[in-house]
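Peer 1: Sequence first, predicted coordinates after that:
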Amino acid sequence: MNSTPTVAPVVVAIDGPAGSGKSSVSKAVARRLGYGFLDTGAAYRALAWLALDRGADTESAASVVALLDDFDYSIGTDPDGYSVRVGEDDVTEAIREPRVAAVVSAVARVPEVRAHLVAMFRSIAAAVDRPGIVIEGRDITTIVAPDAPVRILLTADETVRMARRSAELTDLAADSVGRALAERDRADARVVDFLNAADGVTTVDSTHLDFNRTVDAVITVIEEAST
Ligand SMILES: Nc1ncnc2c1ncn2[C@@H]1O[C@H](COP(=O)(O)OP(=O)(O)OP(=O)(O)O)[C@@H](O)[C@H]1O
Ligand SMILES: Nc1ccn([C@@H]2O[C@H](COP(=O)(O)O)[C@@H](O)[C@H]2O)c(=O)n1
C-alpha cells in the first residue's frame, strides 16, 4: 500500500475583468512561487472554438450543452509551458482570435457549461504536482475556490485596460478591440460579479502600477495571508 501523504496544493484565486492582467500577472506569480497556473478563461474559449468549428449555434444553450459530452479538453498548468488542446487540435492560438472572443460570453452564460467546467477546474487544480496553483478567471474567488487561503480581485480602470490591450496591437484595430473588451465585460458581468470584491477578497488595483509592481503587490497579499 502506498502510504505517501498527499498534500492538497495551496490555491491562489484571482478574478478580474478582461485585460486586467489576470493571465500575465498570475503566470508571473506562479513562476516566482514555483506554483502551477490555471487560466480558466481558456476552457470557455476552447468550448466556444469547438462550437464555431462544428457550426453550432452559440446563442442556443441546448446546442452548446450538446457539445459538452464531446469536449475533450486539456490544458497545461506549467506557467512556462502553457498549451491548450481540444482532442487532437492544439488551439492555444486559435482561442485568442476575435471571432472566439465575440461568442465566448454566450457560451459561458449557460449554467450547465459553468457547472461542467467548474468541476473540471477543481480536478485539474487538485492534481497539480506543485506546492500550489494560481487559478485565474471570473468566479474563482466566489464559486470555483471560495475557501482558497488567498483570494484576490485584480482590477484596473477600463481606459487603462483598453490602452494595455491596444499597446499589444500594431494596427488600427485597437479601437474595436477596446470596444469588444468593454462589451464582453458587460455581458460577463450579468452572469458573475467580478467587478466587486466578495467578502474576504483583497483588491489589487493595478491602474497606477507597472507590471512588475503588480506582481509584487499580489505576492505581498499571498505572503501576508500565510503569516
Ligand atoms: N500592471 C500592468 N502594467 C502594464 N501592463 C500590464 C499590467 N498588467 C498587465 N499588463 C498587460 O496588459 C495586457 C493584458 O493582460 P492579460 O492578458 O494578462 O489580461 P487578462 O486579464 O488575462 O485578459 P483577458 O481576460 O482578456 O484574457 C497584457 O499585455 C499585459 O502584459
Ligand atoms: N472563470 C471564468 C473565466 C472565463 N469566463 C468566460 O470566458 C471568457 C474568456 O475569458 P478570458 O479570461 O480568457 O478573457 C470571459 O469573457 C468569460 O465569458 C468565465 O465565464 N468564467
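Peer 2: Cool, the structure landed. Ligands and ions are numbered 1, 2, ... in the order given.

Peer 1: could you list every residue that touches the residue sitting nearest the centre point of the chain?
Peer 2: Closest to where the C-alpha atoms of the chain average out (CA atoms, centre = their mean) is Gly137, at 3.1 Å. Residues near Gly137 by CB atoms under 8 Å, 6 or more residues apart in numbering: 14-15, 22, 39-41, 121, 144. (Glycine included, C-beta is placed from N, CA and C.)

Peer 1: make it 7 Å
Peer 2: 15, 40-41, 144 (CB atoms under 7 Å, 6 or more residues apart in numbering).

Peer 1: And for Leu33?
Peer 2: Contacts for Leu33 (CB under 7 Å, 6+ apart) come out as Gly132.

Peer 1: How much space separates it from ligand 1?
Peer 2: 17 Å (CB to the nearest ligand atom, to the nearest Å).

Peer 1: what's the pLDDT at that residue?
Peer 2: On pLDDT, Leu33 comes in at 97.

Peer 1: do the same with Ala163
Peer 2: With respect to pLDDT, Ala163 scores 87.

Peer 1: would it count as being in a helix?
Peer 2: Yes: the assignment for Ala163 is a helix, going by DSSP: H, G, I helix; E, B strand; the rest coil.

Peer 1: For it, give its distance to ligand 2.
Peer 2: The gap separating Ala163 from ligand 2 is 17 Å, by CB to the nearest ligand atom.

Peer 1: can you check Gly87 too?
Peer 2: Gly87 sits 20 Å away from ligand 2, going by CB to the nearest ligand atom.

Peer 1: Could you report the neighbour count for that residue?
Peer 2: Number of residues near Gly87 (other CB atoms under 10 Å) recorded here: 11.

Peer 1: so what's it up against?
Peer 2: Asp72.

Peer 1: ok, now Phe71?
Peer 2: 47, 50.

Peer 1: is any part of stretch 49-64 close to ligand 2?
Peer 2: No: Stretch 49-64 lies out of reach of ligand 2 by CB under 6 Å from any ligand atom, never closer than 11.2 Å.

Peer 1: Need phi/psi at Asp129.
Peer 2: Asp129 adopts backbone torsions of phi -100, psi 50, taken as degrees, to the nearest 10.

Peer 1: coming back round to it: state the pLDDT value of the residue nearest to the centre of the chain.
Peer 2: You'll see Gly137 listed with a pLDDT of 98.

Peer 1: In the sheet, which residues pair with it? Tell me.
Peer 2: Using DSSP bridges, the beta-bridge partners of Gly137 come out as Asp15.

Peer 1: in stretch 105-112, what counts as buried?
Peer 2: 105-110 (16 or more other CB atoms under 10 Å).

Peer 1: I misspoke; the intended subject was stretch 46-63.
Peer 2: With burial defined by 16+ other CB under 10 Å, the residues of stretch 46-63 counted as buried are 46-52, 56, 58, 61, 63.

Peer 1: For the chain, which segments are assigned as strands?
Peer 2: For the chain, the strands defined by DSSP state E cover 10-15, 36-39, 73-75, 84-86, 89-90, 132-137, 150-155, 202-205.

Peer 1: Tell me which of the ones you listed sits most buried.
Peer 2: A comparison of these by mean neighbour count, using mean count of other CB atoms under 10 Å, puts strand 132-137 on top with a mean of 28.

Peer 1: how far out from the middle of the chain is that strand?
Peer 2: Distance of strand 132-137 from the chain centroid (CA atoms, centre = their mean, to the nearest Å) equals 8 Å.

Peer 1: Just give the nearest non-adjacent residue to Lys195, would you?
Peer 2: Careful, residue 195 is Leu and not Lys. Ala189 (5.9 Å; CB to CB, 6 or more residues apart in numbering).
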